[in-house]
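Colleague: Show me how the following folds:
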Amino acid sequence: MDQSKLTTTSYAILGLLAIKPWSTYELAQQVHVRMRRFWPRAESKLYEEPKKLATRGLAESEVGRVGKRQRTTYSVTPAGEEHLARWLAEPGGPPVLEFEALLKVFFAEYGTKEDLQATLVAVQDWAAEQLAEDADTAQRYLDNVGQFPDRVAHLVLVGRFLSDFADMTGRWAQWAAEESRHWPEDVGDATPNREALREIADRNAGW
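Modeller: As a prediction, the model looks like this:
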């Protein structure tokens, strides 16, 4: 078995295979629906990963048919479960934020005030969409029709983080839009909000 280090995406696929066997298409769908907000990866990579895991002896494949079409389903092996357990026993890395709209705010003085406001409105729209999606998902579990109901206890932990993050991001975008609404047309001439700076400086005391 190849002993080289697995990627985090490898472990994400192993985790899904530990839940139940999946085809590569089903795995890609699960990652898109369940993980895209905290572990987004290109689908092409996800289609390659189960084969790599099978080569390492961490997953195994079974060829079957759906109608006239051939379908390969992957399932986790005992060695794969051991690898997954060892990975889960280690602390995870810190979060890495990738947020294009925030980058545009960072360089706002090289655009227009109208550009900045439009960016912040788009962020608010995104937050509203995510919160609606989260509410729908939570309601399905409350109605006992959510997928994998035996996993709900820890799904709530992840769901609460994602919902809190969307809510925080939306509230920040509302604040930033109001804050910058009264700026001069040349946003490079804006006056900094020192009260907001003080709030940021004081937050260190809480941790």
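
Colleague: What strand or helix carries residue 179?
Modeller: According to DSSP states H and E, residue 179 maps onto helix 152-181.

Colleague: Output whichever helix or strand comes after that helix as PDB - backbone C-alpha positions only.
Modeller: From helix 152-181 onward toward the C-terminus, using DSSP H and E, the following helix or strand is helix 194-202. In PDB, the C-alpha atoms belonging to helix 194-202 read as follows (Å, rounded to 0.1, in the frame of the first residue of the first chain):
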ATOM      1  CA  ARG A 194     -12.200  54.900  14.900                       C
ATOM      2  CA  GLU A 195     -15.000  53.500  17.000                       C
ATOM      3  CA  ALA A 196     -15.000  50.400  14.900                       C
ATOM      4  CA  LEU A 197     -11.200  50.200  15.200                       C
ATOM      5  CA  ARG A 198     -11.600  50.400  19.000                       C
ATOM      6  CA  GLU A 199     -14.100  47.500  19.000                       C
ATOM      7  CA  ILE A 200     -11.700  45.300  17.000                       C
ATOM      8  CA  ALA A 201      -8.800  46.200  19.300                       C
ATOM      9  CA  ASP A 202     -10.900  45.300  22.400                       C
END
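
Colleague: Go ahead and measure how far helix 194-202 is from the middle of the chain.
Modeller: Mean C-alpha position of helix 194-202 versus that of the full chain (C-alpha atoms, centre = their mean, to the nearest Å) differs by 29 Å.

Colleague: The chain should start at 282 in everything you say after this.
Modeller: Sure, I'll start numbering at 282, so the last one becomes helix 475-483.

Colleague: Can you tell me the SS state at the spatially most central residue of the chain?
Modeller: Centroid-nearest residue in the chain: residue 319, 1.7 Å away (criterion: C-alpha atoms, centre = their mean). Counting by DSSP: H, G, I helix; E, B strand; the rest coil, the backbone at residue 319 sits in coil.

Colleague: Least confident secondary structure element in the protein?
Modeller: Ranked by mean pLDDT, DSSP states H and E, the helix or strand of the chain with the weakest confidence is helix 324-336, at a mean of 86.

Colleague: buried stuff in stretch 453-469?
Modeller: 453, 454, 457, 458, 461, 464, 468 (16 or more other C-beta atoms under 10 Å). C-beta here means a position set from N, CA and C on the backbone, and glycine is covered the same way.

Colleague: what do you get for stretch 398-409?
Modeller: Buried residues in stretch 398-409 (16+ other C-beta under 10 Å): 398, 400, 401, 404, 405, 408.

Colleague: counting contacts, what elements does the host helix or strand of the second one pack onto?
Modeller: In this case it means residue 400. Following DSSP H and E, one finds residue 400 within helix 394-423. Helix 394-423 sits against helix 381-387, helix 433-462, with contacts defined as 3 or more C-beta pairs under 8 Å, 6 or more residues apart in numbering; DSSP states H and E.

Colleague: Note down every partner strand of the helix or strand where residue 344 lies and its orientation.
Modeller: Per DSSP H and E: residue 344 is located in strand 340-347. Strand pairing for strand 340-347, using DSSP bridges, gives strand 350-357 (antiparallel).

Colleague: I'm done for today, thanks for sticking with me.
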